[in-house]
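Q: Sequence and predicted structure are below.
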Amino acid sequence: MATHSDRLDLRLDASDKQELALAASLMSTPVSAFVREAARERARQVIAQSTRVTLSAEESEHFLDVFDAPFAPNPKLQRALERSRRVAR
């Protein structure tokens, strides 16, 4: 069994605590384990929403077309490359 050393104190009103206790009871799990797992699942959802990009089929096709196209620097980048070549000589 895993041991837990960090604590998280949480203040709840009575109705919130009763609701969590009922849900934990229905899952045959301690309230702390129920709350921990629910919080971790929500954390995973938030992290996924913040770190993943979802594209439509059309957007995906456009992205791949642009990604596969040969590189062509824009004028500003072209000037910067030319300056860096002069400095490097």
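A: Yep, it's here.
Q: Looking at this structure, which helix is longest?
A: Looking across the chain with DSSP state H, the single longest helix is helix 31-51.
Q: If you count neighbours, what's buried in that one?
A: Phe34, Val35 (16 or more other C-beta atoms under 10 Å). Placement of C-beta: from N, CA and C, glycine included.
Q: That helix packs against which elements?
A: The contact analysis (3 or more C-beta pairs under 8 Å, 6 or more residues apart in numbering; DSSP states H and E) places helix 31-51 against helix 14-26.
Q: just to revisit the earlier point, specify the angle between the longest helix of the chain and helix 14-26 in degrees.
A: 100 degrees (axes from the mean of the first three to the mean of the last three C-alpha atoms, to 10 degrees).
Q: next one: the lowest-mean-pLDDT helix or strand in the chain to chain centre, how far?
A: None of the helices or strands of the chain scores lower by mean pLDDT, DSSP states H and E than helix 75-88, at a mean of 91. Here helix 75-88 is found 37 Å from its chain centre; the criterion is C-alpha atoms, centre = their mean, to the nearest Å.
Q: Convert the C-alpha atoms of it to PDB, please.
A: What follows is helix 75-88, C-alpha atoms only, in PDB (Å, rounded to 0.1, in the frame of the first residue of the first chain):
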ATOM      1  CA  PRO A  75      12.100  39.300 -45.800                       C
ATOM      2  CA  LYS A  76      12.800  40.200 -42.200                       C
ATOM      3  CA  LEU A  77      14.400  36.900 -41.500                       C
ATOM      4  CA  GLN A  78      16.300  37.000 -44.800                       C
ATOM      5  CA  ARG A  79      17.800  40.300 -43.800                       C
ATOM      6  CA  ALA A  80      18.800  39.000 -40.400                       C
ATOM      7  CA  LEU A  81      20.500  36.000 -42.000                       C
ATOM      8  CA  GLU A  82      22.400  38.200 -44.300                       C
ATOM      9  CA  ARG A  83      23.600  40.400 -41.400                       C
ATOM     10  CA  SER A  84      24.600  37.400 -39.400                       C
ATOM     11  CA  ARG A  85      26.700  36.100 -42.300                       C
ATOM     12  CA  ARG A  86      28.500  39.400 -42.700                       C
ATOM     13  CA  VAL A  87      29.200  39.500 -38.900                       C
ATOM     14  CA  ALA A  88      30.500  35.900 -38.900                       C
END
